[in-house]
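**Student:** curious how this folds, go ahead:
(one chain, ligands or ions: 2)
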Amino acid sequence: MASSYLIQSPSFSTTLKLPSKPTTLKTTPSFLPIKAAAAAASSNNTPTPTPTPTSKSSNIRDKARHQNLTNPPQINNFSAKYVPFGADPETSTESYSLDEIVYRSQSGGLLDVQHDLSALKAFPGSYWRALFDSRVGKRTWPYGSGVWSKKEWVLPDISSDDIVSAFEGNTNLFWAERFGKQFLGMNDLWVKHCGISHTGSFKDLGMTVLVSQVNRLRKMNKPVVGVGCASTGDTSAALSAYCASAGIPSIVFLPANKISIAQLVQPIANGAFVLSIDTDFDGCMKLIREVTSELPIYLANSLNSLRLEGQKTAAIEILQQFDWEVPEWVIIPGGNLGNIYAFYKGFHMCKELGLVDKIPRLVCAQAANANPLYLYYKSAWDEFKAVKANSTFASAIQIGDPVSIDRAVYALKKSDGIVEEATEEELMDAMAMADSTGMFICPHTGVALTALMKLRKSGVIGATDRTVVVSTAHGLKFTQSKIDYHSNNIKEMACRYANPPVSVAADFGSVMDVLKKYLSKTPKY
Ligand SMILES: Cc1ncc(COP(=O)(O)O)c(C=O)c1O
Ligand SMILES: N[C@@H](CCOP(=O)(O)O)C(=O)O
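**Tutor:** Ligands and ions are numbered 1, 2, ... in the order given. So this is what the prediction gives:
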């Protein structure tokens, strides 16, 4: 048979066949099975079909398995490996299989997952756009997940059978019409609600990848007795949920009294082994790194570059949701600083592989009480100094010594990026303002909105610039901060947008009195 490039097209019941000369494809996208991303020509290669499982006991995972048997996944050359972060590809030969348990390079630096871009480039951008679009909103295992709908760019080698997924991703890109108009004079402002998800934060995107790989490693009898993390609350919630779903033990190190009750109860409920440690996040991070180098506990923090492979799909999803038009700005709250790099990587891959022709400018927003990146940026990247992070309502980013500092700096330099900061009053006001327009955001998103407001005020971001603010966690995890604010119960904070409840006696007259007073101040009454 003539050589052909076949990639499995699991959203469909057949195999997608592309002509053997990929270079031709780049110039002749009309060859592509664009209709439904490959309404799938039947392959000469396809073995005699076996009947689709029909028994009542079969499920979407069984169907995917059956499809793999009938249309064996193959003959794409997609692959990925760990390489030292920032290493020169011309001279560095250091690399590791993703099946190795390794978090640091030989020199002690960060690692990065490097995909074989030449294999991915065998298919033009139009192909990838159509393929990804075709998988949205389906139940097909595992492609119904926003992360695994981009499987070839995430973990190309993993069997769908090993994937642990809650069909995360595909989160709402919310048009912040009223907030944009009322507070910023903007008409093209969007909030990417990554926190409206399985465990209430963007961490689900990375954790499905990490826990799936752990599942695979355990099936390969690699020494992994459990998975551990240090956390300010969201990583631990995601880790414990995905591990519980796969029956893998999880161990979480939490800084005592520094995370919200809602976040604390998540790993407890999901059966994790929870250590509440009398230190801050940076102290917990140091401890988990020491422990995971001694015990066969796999490290789940974003120091582990696998996590970022899942998180980068949020960037790809944003482009997809804009029909592959690129926004001018994307604003992301930063703490341990993995996510800003993950977004850069997602955007960069889309450009590199021809899905779009540019990338957005990135803004990383920090709480002024935990602002080591901001200080570094303000020193014109002169010298990085870790700080002692002070208490902040944006408690999930109370981090003074971010593990991914080098990744963040790289992402910001490559995207002509900016770093901003928000005081406690600014971030709480911004959160209250957004909530008053119908959102219910977390304080970290308040940090990002503050950055936006400052950059609008200084004219850096224009009124018509298409701008996306990344909302990283669900507001319901942070209700105590909202209660404090709306009760005017925060020392040295004016709480300008507080909306406290009115206590009123249980009689008609009293209720009418307060209502009339309220309505007299309401426009159009
Ligand atoms: C809600 C929330 N927002 C933002 C961040 C910052 O993400 P990163 O640590 O990747 O910078 C975190 C975690 O650190 C978080 O939990
Ligand atoms: N906000 C994080 C802090 C740890 O970040 P990670 O991305 O390195 O796991 C959390 O929720 O724990």
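**Student:** for residue 251, pull up the helix or strand it's in.
**Tutor:** Using DSSP states H and E, residue 251 falls within strand 250-255.
**Student:** also compute the angle for the very next helix or strand once past that strand relative to strand 250-255, please.
**Tutor:** Per DSSP H and E, strand 250-255 leads on to helix 261-269 as the next helix or strand towards the C-terminus. On the basis of axes from the mean of the first three to the mean of the last three CA atoms, to 10 degrees, helix 261-269 is oriented at 150 degrees to strand 250-255.
**Student:** buried stuff in helix 261-269?
**Tutor:** Of the residues in helix 261-269, 262, 263, 264, 266, 267 count as buried by neighbour count, 16 or more other CB atoms under 10 Å. Every residue, glycine included, has its C-beta placed from N, CA and C.
**Student:** with pLDDT and distance to residue 159 added, can I get the residues you listed in TSV?
**Tutor:** Putting the buried residues of helix 261-269 into TSV (pLDDT from 0 to 100; distance: CB to CB, whole Å) gives the following:
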residue	pLDDT	distance to residue 159
262	97	35
263	97	33
264	97	35
266	98	29
267	98	28
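**Student:** could you dump those residues to JSON lines with distance to ligand 1?
**Tutor:** JSON lines is the format used below for the buried residues of helix 261-269 (distance: CB to the nearest ligand atom, whole Å):
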{"residue": "262", "distance to ligand 1": "12"}
{"residue": "263", "distance to ligand 1": "9"}
{"residue": "264", "distance to ligand 1": "14"}
{"residue": "266", "distance to ligand 1": "12"}
{"residue": "267", "distance to ligand 1": "14"}
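**Student:** which one of those sits closest to ligand 2?
**Tutor:** When the buried residues of helix 261-269 are compared for distance to ligand 2 (CB to the nearest ligand atom), residue 263 wins out at 7.6 Å.
**Student:** list the contacts of stretch 87-97.
**Tutor:** Stretch 87-97 is contacted from outside by 81, 82, 83, 84, 102, 105, 106, 111, 114, using CB atoms under 8 Å, 6 or more residues apart in numbering.
**Student:** again but with stretch 477-484, I slipped
**Tutor:** In this structure, residues lying in contact with stretch 477-484 by CB under 8 Å, 6+ apart are 195, 200-201, 233-234, 260-263, 393, 395, 428, 431-432, 435, 442-443, 475, 489-490.
**Student:** any stretches of the stretch 151-300 of the chain with poor pLDDT?
**Tutor:** Within the stretch 151-300 of the chain, not a single segment meets pLDDT under 70.
**Student:** OK, contacts around the residue in it that ligand 1 sits nearest to?
**Tutor:** Using CB to the nearest ligand atom, the single residue of the stretch 151-300 of the chain nearest to ligand 1 is residue 234, 3.6 Å away. When contacts are counted by CB under 8 Å, 6+ apart, residue 234 touches 199, 200, 201, 202, 203, 263, 396, 472, 473, 477.
**Student:** could you rerun that using 7 Å?
**Tutor:** 201, 203, 263, 396, 473 (CB atoms under 7 Å, 6 or more residues apart in numbering).
**Student:** distance check, the nearest residue to residue 194 once chain neighbours are set aside against residue 371.
**Tutor:** Nearest non-adjacent residue to residue 194, counting by CB to CB, 6 or more residues apart in numbering: residue 202, 3.7 Å away. Separation of residue 202 from residue 371 (CB to CB, to the nearest Å): 21 Å.
**Student:** comparing the two, which residue is more hemmed in?
**Tutor:** residue 202 (28 against 24; other CB atoms under 10 Å).
**Student:** which ones are touching the more buried one?
**Tutor:** Contacts of residue 202 by CB under 7 Å, 6+ apart are 194, 195, 311, 314, 339, 472.
**Student:** need those in CSV (columns: neighbour count, secondary structure and distance to residue 161).
**Tutor:** Below are the contacts of residue 202 laid out as CSV (neighbours: other CB atoms under 10 Å; DSSP: H, G, I helix; E, B strand; the rest coil; distance: CB to CB, whole Å):
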residue, neighbour count, secondary structure, distance to residue 161
194, 30, coil, 27
195, 28, coil, 30
311, 27, helix, 23
314, 25, helix, 25
339, 31, helix, 29
472, 29, coil, 31
